[in-house]
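Chemist: What shape does this take:
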Amino acid sequence: MNLVPTMVAMSGGVDSSLAAALLVEEGRDVVGVTLRLWGGESDSGCCAVSDVEDARRVCDTLGIDHYVFNLGEDFNRQVVDHYVDSHASGQTPNPCIECNRHIKFGRLLRRARTLGFTRLATGHHARIVKRGDGILRIARSVDRAKDQSYVLHMLDQDQIASLELPVGELTKDEVRERASHLGLRTANKPDSQDVCFVTREYGRSDFLARRIPLTPGRVVDTSGLEVGRTEAVEMVTIGQRRGMNLAGAAAPRYAISVDVPSATVVVGSADDLVVDLTRVHNLTWADGPVSGPVLAQSSAHSEAVRAELVPSVGGLDVRWADGHRRVAPGQSVVFYEGDEVLGGGLAG
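Modeler: Below you'll find the model as predicted:
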């Protein structure tokens, strides 16, 4: 028996369900915990009442205790308010990253330690590797199509040392097969895809309009000529093509900058979207700052490409080897050495 007290963060999905099952098979002293984060309307993501019930039923099947922690106040302050404030300033936030940063590997990890748990496990598709010098790093999962290392880039040595990622060595198909074999009710449950506090029925614009004034604005081309209007500059993100009522043009035009104070969106060609440099701030590192050549990834589903990190005032300049699509302010740029996460920061 391996009686390491281990808390498993269980969202009610198949990945965290199997993570708990695999640790039980190892003989761990396992407790499942589901977070109640969002008290408002939800028809997507991992905040529904049914998800709590699914997690509880899985724990019953595994013969382990299940608890629910209400961290709604922290979630509202650190994730929802950040999401709203970011849009209000013309940025494009990633609430899943902020939830990992502040809630799962901040508030929850601290509570786990306070309660005597030496390990926290999740169902993220990523791996933990230990280098020859003893340094720990998050690394890409075996299933590249489901890899979630990008959204774990903020973890430091102390956090990684307490973390377990039991499904990182499995493909998604293998996760579902093993969950089915164990009789877990979540085996065929669809993955959550959306921001958990924004409903599919009403969407992002309704969510924001109930919290901040949305500003109608001008859409201009790179010469300053007005070519369209937008109902809300706060809703426009870099690279956006639709929703700006643009006058006819021979080639597609994309948002290349958003200025909320002047209520102006600038649009340009596909070539105007490409830049040589992206400035990054709010940096976090797995094991200390890095400069020089790296692989850099600017969204959860994009490819990591060659870049050079150059220290600058207040952050880093990411100099793209082959040019790169503009990164929306507020989005994370994550740095890799091969499959290993070095760290990351926010564009803007």
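Chemist: in the stretch 51-200 of the chain, which spans are strands?
Modeler: For the stretch 51-200 of the chain, the strands defined by DSSP state E, counting those that start in this stretch occupy 65-70, 119-121, 126-130, 136-140, 163-164.
Chemist: Show residues contacting the fourth one.
Modeler: Under the criterion Cβ atoms under 8 Å, 6 or more residues apart in numbering, residues 126-131, 147, 149, 152-153, 155, 157, 160-161, 168, 286-287, 336, 339-342 lie in contact with strand 136-140. (Each C-beta comes from the backbone N, C-alpha and C, glycine too.)
Chemist: would you say residue 318 is within a helix?
Modeler: No. Per DSSP: H, G, I helix; E, B strand; the rest coil, residue 318 lies outside any helix segment and is strand.
Chemist: And it, how far from residue 333?
Modeler: Distance, residue 318 to residue 333, using Cβ to Cβ, to the nearest Å: 6 Å.
Chemist: which residues do the two both contact?
Modeler: Common neighbours of residue 318 and residue 333 (criterion: Cβ under 8 Å, 6+ apart): 278, 280, 296.
Chemist: Need the residues that contact stretch 271-284.
Modeler: Under Cβ under 8 Å, 6+ apart, the answer for stretch 271-284 is 153-156, 222, 238-239, 254, 256, 289, 298, 312, 314-320, 323-327, 333, 343-348.
Chemist: Would you pull up how far that stretch lies from the middle of the chain?
Modeler: Chain-centre distance of stretch 271-284: 18 Å, with Cα atoms, centre = their mean, to the nearest Å.
Chemist: Ok, stretch 200-216 next?
Modeler: 21 Å.
Chemist: Quick check: end-to-end length of that stretch?
Modeler: End-to-end distance for stretch 200-216, by Cα to Cα, to the nearest Å: 23 Å.
Chemist: That stretch: which residues count as buried?
Modeler: Across stretch 200-216, burial judged by 16 or more other Cβ atoms under 10 Å covers 204-205, 207-208, 214-215.
Chemist: of all these, which comes closest to residue 53?
Modeler: Closest approach between the buried residues of stretch 200-216 and residue 53, by Cβ to Cβ: residue 207, at 25.1 Å.
Chemist: Which of the helices or strands spans the closest one?
Modeler: Assigned by DSSP states H and E, residue 207 belongs to helix 203-209.
Chemist: on that earlier part again, mean neighbour count and mean pLDDT for the strands of the stretch 51-200 of the chain - can I get that in a markdown table?
Modeler: Shown next, in a markdown table, are the strands of the stretch 51-200 of the chain (neighbours: other Cβ atoms under 10 Å; pLDDT from 0 to 100):
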| stretch | mean neighbour count | mean pLDDT |
| --- | --- | --- |
| strand 65-70 | 14 | 97 |
| strand 119-121 | 22 | 98 |
| strand 126-130 | 17 | 98 |
| strand 136-140 | 23 | 98 |
| strand 163-164 | 20 | 98 |
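Chemist: May I see these arranged in CSV, with distance to residue 176 as well?
Modeler: Shown next, in CSV, are the strands of the stretch 51-200 of the chain (distance: least, Cβ to Cβ, whole Å):
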stretch, distance to residue 176
strand 65-70, 22
strand 119-121, 19
strand 126-130, 18
strand 136-140, 20
strand 163-164, 20
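Chemist: per-residue pLDDT, residue 2?
Modeler: Residue 2 carries a pLDDT value of 63.
Chemist: Same question for residue 243.
Modeler: At residue 243, the pLDDT value in this model is 75.
Chemist: which residue packs closest to it, ignoring adjacent ones?
Modeler: Take residue 243 and drop its neighbours on the chain: the residue closest to it by Cβ to Cβ, 6 or more residues apart in numbering is residue 230, 6.9 Å away.
Chemist: Assign a three-state SS to residue 228, would you?
Modeler: Applying three-state DSSP: residue 228 is strand.
Chemist: returning to what we had before: could you flag which of the contacts of strand 136-140 are buried?
Modeler: By 16+ other Cβ under 10 Å, the contacts of strand 136-140 give 126-129, 147, 149, 152-153, 155, 160, 168, 286-287, 336, 339-342 as buried.
Chemist: Much appreciated, bye for now.
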